[in-house]
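Asker: this one's sequence-less:
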């Protein structure tokens, strides 16, 4: 029998397919904002780079939420030489935050594994994503019914990997690190964060990155959780 009673999932990139949903939204926005679609591939490549960087800065506290909202797009537009003004960029960023969370796509196997785990474990979300949109993502993609708590960093005042958010989660769920398992795709926020509070981790490894610390478990597809749980 598994020693785990509570499973804590990251949302973006672990269950909700942030890359697919963002790309679909941005393609639609290129049409909406009448941007030359021939620029999209270059823009999207720049966006993936800058989005990862600004989220790391936000996680570390060196960038505010408001700055992040536009910086990921303005830096990408700068890279491809697209001219814009501040008002246009605000409109573009606002449109993305309005439209992207309504995309329904989840990581392959997400709903299958959640159905398998449902009733066997108590499941929760721990996310650094913007509070006002995470619920929209979960509702639209069918994820909401599986989770007892949706723990957002904005409610706690710190972001993963800060230990405080994990201790808050344990207290809210009425559990301990020993009885809990963290499942996530972000090495720093999810894996090192959970490891730092003595919590076992499942690293959903969707890239080729190598790390010098071994997580408790590593998987490349969510359905592999059946072999662990």
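Answerer: That came through, no problem. What you see is a predicted model; the values in this text were computed from it and never measured. Numbers count the residues shown, from 1 in each chain.
Asker: tell me the spacing between residue 125 and residue 135.
Answerer: Distance of residue 125 to residue 135, computed by CB to CB, to the nearest Å: 10 Å. Just so you know, the C-beta spots here come from the backbone N, C-alpha and C atoms, and that holds for glycine as well.
Asker: quick check: neighbours shared by these two?
Answerer: The contact sets of residue 125 and residue 135 overlap at residue 150 (CB atoms under 8 Å, 6 or more residues apart in numbering).
Asker: bridged to residue 6, which residues?
Answerer: Note on residue 6: beta-bridge partners by DSSP bridges are residue 122, residue 180.
Asker: tell me which element residue 203 is part of?
Answerer: Element membership of residue 203 [criterion: DSSP states H and E] is strand 200-204.
Asker: what pairs with that strand, and is each one parallel or antiparallel?
Answerer: Assessed with DSSP bridges, strand 200-204 is paired to strand 180-184 (parallel), strand 217-219 (parallel).
Asker: ranking those by burial, who's on top?
Answerer: strand 180-184 (a mean of 26; mean count of other CB atoms under 10 Å).
Asker: name the residues that touch that one?
Answerer: Residues outside strand 180-184 that contact it (CB under 8 Å, 6+ apart): 4-10, 13-14, 126, 166, 170, 173, 190-191, 193-194, 199-204, 216, 225, 229.
Asker: ok, back up a step: tell me which of residue 125 and residue 135 has more neighbours.
Answerer: residue 125 (25 against 15; other CB atoms under 10 Å).
Asker: what are the phi and psi angles of residue 65?
Answerer: Backbone torsions of residue 65, given as degrees, to the nearest 10, read phi -60, psi -40.
Asker: do residue 59 as well
Answerer: For residue 59, the backbone dihedrals (degrees, to the nearest 10) come out as phi -60, psi -40.
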